[in-house]
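S.K.: Got a predicted structure plus its sequence, pasted below:
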Amino acid sequence: MLLGEYQHNLDNKGRIAVPAKFKSNLAPGAIITKGLDNCLFVFTSAEWDVLAQKLVALPLAQANSRASCA
């Protein structure tokens, strides 16, 4: 699991710098998505696949399931 809090800005091309200590874990690919409290979540491809499978299995028609996804 990759954990940490960093303050970064986007460059002129809309890119964000990834801390060097995370680059080797993210080299095969990464997914960046909106997180909580105005943060970004960064997942390795493998972590994202696990999360996606869990989301697909939820009965999203039920309000309590949708709340657990937020």
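M.R.: The structure has been received and is ready for your questions.

S.K.: Hmm, L26 and V18 touching each other?
M.R.: Yes. Counting by C-beta atoms under 8 Å, L26 is a contact partner of V18 at 6.3 Å. In short, each C-beta sits where N, CA and C put it, glycine included.

S.K.: what residues are shared contacts of the two?
M.R.: Here V18 and L26 have V42 as joint contacts, going by C-beta atoms under 8 Å, 6 or more residues apart in numbering.

S.K.: distance between the ends of stretch 18-36?
M.R.: Terminal residues of stretch 18-36 are spaced 19 Å apart (C-alpha to C-alpha, to the nearest Å).

S.K.: So which bits of that stretch are buried?
M.R.: Residues V18, L26, A30 are the ones in stretch 18-36 that count as buried (16 or more other C-beta atoms under 10 Å).

S.K.: From P59, how far off is the last one?
M.R.: Here A30 is placed at a distance of 29 Å from P59 (C-beta to C-beta, to the nearest Å).

S.K.: Now intersect the buried residues of stretch 18-36 with the strands, please.
M.R.: Judged by DSSP state E, the buried residues of stretch 18-36 include A30 as members of strands.

S.K.: Please name every helix or strand in contact with the strand or helix carrying S24.
M.R.: Assigning secondary structure by DSSP states H and E places S24 in helix 20-26. Packing partners of helix 20-26 (3 or more C-beta pairs under 8 Å, 6 or more residues apart in numbering; DSSP states H and E): strand 40-44.
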